[in-house]
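**Student:** sequence plus predicted model, see below.
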Amino acid sequence: MLRAVVRAFGDPRQVIGLEEAERAAPGPGEVEIRIRRAAINPSDLIPVTGAYRSRTTLPFVPGFEGVGEIVRIGDGVTGFAPGQRVLPVGASGLWQEYLVRPAAWCFCVPDDLSDDQAAMAYVNPLTAFRLVDAVAAHFGRTGGQRIGVTAAASAIGRMLLVLLSDAGLHPVALVRSEAGAARLAESFAGEIAVQSPPALDAVLDAVGGEPGNALFRNIRPGGAFLQYGALSGAQLDPALVTARRKDVAFSFLWLRNWVHSAPREAIEAAFARSFEGIRAGYLGSTVDSVFALSDLAAALARQDAPARVGKLLLAP
Ligand SMILES: NC(=O)c1ccc[n+]([C@@H]2O[C@H](COP(=O)([O-])OP(=O)(O)OC[C@H]3O[C@@H](n4cnc5c(N)ncnc54)[C@H](OP(=O)(O)O)[C@@H]3O)[C@@H](O)[C@H]2O)c1
C-alpha cells in the first residue's frame, strides 16, 4: 500500500515522502480501515515542521482527520463490522491507504453523510464546540459580549462565527486583508474588522505572534483570550502577556487534550452535534479539491496557494 511518511522535520513540501509499505493485520481489539478521504489541515503540517518535536516520534505518517471503511476486524472487537464507515481519531496516520487502529478510537459515521463531509467532521467542528463552550463559561451568563475571531475566514473561523451567535455572544470577524473581508462578507452578514478591531471582551485566536499580542493588550478588563493556533508561526508567551494584563484570562485550547481525557460518550455526543451541524449546513466546510495520495506534492503546493478556497482532501 501507498503511504506518506515523515522521516525528518522540515518544510512539509520537502520532507513528506511517499513510499510503499506492507499492510499490517489488526491485532486484538483493533480494526483495519481502508481510508476513503483524509483532510489536509494546518494541524497536520505543524508537527511536520518539528514545532512539537518533544512529543513527535519520527518516522510518522501524517493525517489526523479522515474517514474510512472497516475491512478487517481483530479478535475481541464488538460493535463494528466490515464495510462500516468510521472516523479514526486520537493519533495521526490517515495519509495512507490502510490504517490499523484500536476500535476504541473509531466512531461510526451516519449513512447520509458523504465521504467528503465526514472527512471534515472532526477537528474543526469539535474544536469550535470546545472554544465556544469555554468562552461562554468564562462569562457565566452570555449577553452579547463581543468576541473577536481571528483568521475568521478559515474553516473553523466560519464555524465559530455561527456558534458564537447561537450562544448569545456577538462575534467580530477579524481578517488580515480587505480582500479577505470582502470574501467573508459574501457569507457572513455580521461585523468584520481588518487590522484594528474595536473593543472586544474576548478573543478566540488562531494567529498568535504580534497580531495576537496587539489584540491581547486591547481586551476589556475581565475578558478572556483563548489561543488555539499559531498561523503567524509564534504562540503568545502566557507569562509575558499575563504579567502585563492580570485582568485578562489567558489559556491555550488543544482538541487533542480534550479527546484524550474525555469519556467516549462525550466524544460521541460531540460527533452527533457535528453531524447535525453539517446536515444543517453551518458546520460544513467547502472543498477546494480532492487529490489522489500519489499526487501529494501537488496537494501540498495547493495548500499554500492564495487561490485555495476551501479544504484539500486526499483520496488514498
Ligand atoms: N487547537 C486545536 O486543537 C485546533 C483545532 C483545529 C484548528 N486549529 C487551528 O485553527 C487554524 C485554522 O485552521 P483551519 O483548518 O480552519 O484552516 P484553513 O481553513 O486552512 O484556513 C486558513 C486561514 O488562515 C488564514 N491565515 C493564514 N495565515 C494567517 C496569518 N498569518 N494571519 C492571519 N490569518 C492567516 C487564511 O487567511 P486568508 O484568507 O487571509 O489567506 C485562511 O483564512 C489553524 O491554526 C489550526 O491549527 C487548532
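**Tutor:** Cool, got the structure. Numbering: from 1, shown residues only.

**Student:** tell me how many other residues surround the residue of the chain found nearest the ligand.
**Tutor:** Nearest residue of the chain to the ligand: residue 229, at 2.6 Å (C-beta to the nearest ligand atom). (Glycine included, C-beta is placed from N, CA and C.) Using other C-beta atoms under 10 Å, residue 229 has 24 neighbouring residues.

**Student:** how about it, secondary structure?
**Tutor:** coil (DSSP: H, G, I helix; E, B strand; the rest coil).

**Student:** ramachandran angles for the nearest residue to it once chain neighbours are set aside?
**Tutor:** Counting by C-beta to C-beta, 6 or more residues apart in numbering, residue 229 lies nearest to residue 206, which is 3.2 Å off, once chain neighbours are set aside. Backbone torsions of residue 206, given as degrees, to the nearest 10, read phi -110, psi 10.

**Student:** so what's the residue of the chain most remote from its centre up against?
**Tutor:** What lies farthest from the middle of the chain is residue 75; by C-alpha atoms, centre = their mean that is 32.3 Å. Contact analysis of residue 75 by C-beta atoms under 8 Å, 6 or more residues apart in numbering lists 27-29.

**Student:** name the SS class of it, please.
**Tutor:** Assignment for residue 75 (three-state DSSP): coil.

**Student:** who in the stretch 151-300 of the chain is up against the ligand?
**Tutor:** 151, 153-156, 175-177, 180, 206-207, 228-229, 231-232, 253-255 (C-beta under 6 Å from any ligand atom).

**Student:** so which of the residues you listed sit within strands?
**Tutor:** residue 175 (DSSP state E).

**Student:** any of the residues of the stretch 151-300 of the chain next to the ligand buried? List them.
**Tutor:** Buried by 16 or more other C-beta atoms under 10 Å: 151, 153-156, 175-176, 180, 206-207, 228-229, 231-232, 253, 255, out of these.

**Student:** from memory the residue nearest to residue 229 sits against residue 154, does it?
**Tutor:** Yes. Here residue 206 reaches residue 154: they are 6.6 Å apart, a contact under C-beta atoms under 8 Å.

**Student:** where do the helices of the stretch 201-316 of the chain begin and end?
**Tutor:** 209-217, 238-244, 255-259, 264-280, 296-303 (DSSP state H, counting those that start in this stretch).

**Student:** show the pLDDT at residue 155.
**Tutor:** Looking at residue 155, its pLDDT reads 96.

**Student:** pretty sure it sits against residue 311.
**Tutor:** Yes. If you go by C-beta under 8 Å, residue 155 and residue 311 touch, sitting 6.0 Å apart.

**Student:** overlap of the contact sets of those two?
**Tutor:** Residues touching both residue 155 and residue 311 (C-beta under 8 Å, 6+ apart): 120, 285-286.

**Student:** show me the contacts for the closest residue to residue 283 other than its chain neighbours.
**Tutor:** Of all residues not flanking residue 283 in the chain, residue 277 sits nearest, at 3.1 Å (C-beta to C-beta, 6+ apart). With contact taken as C-beta under 8 Å, 6+ apart, residue 277 is in contact with 125, 159, 283-284.

**Student:** do you know how far residue 277 is from residue 175?
**Tutor:** Residue 277 is 22 Å from residue 175, where distance means C-beta to C-beta, to the nearest Å.

**Student:** check residue 234 too.
**Tutor:** 19 Å.

**Student:** can you check residue 64 too?
**Tutor:** Relative to residue 175, and taking C-beta to C-beta, residue 64 is found at 25 Å.

**Student:** name the residues of stretch 135-150 that are buried.
**Tutor:** 135-136, 138-139, 142, 145-150.

**Student:** from those, which is closest to residue 57?
**Tutor:** Using C-beta to C-beta, the shortest approach to residue 57 within those belongs to residue 150, at 31.1 Å.

**Student:** now for the helix or strand of the chain with the lowest mean pLDDT, which elements pack on it?
**Tutor:** Using mean pLDDT, DSSP states H and E, the weakest-scoring helix or strand in the chain turns out to be helix 238-244, at a mean of 91. With contacts defined as 3 or more C-beta pairs under 8 Å, 6 or more residues apart in numbering; DSSP states H and E, the packing partners of helix 238-244 are helix 209-217, strand 249-252.
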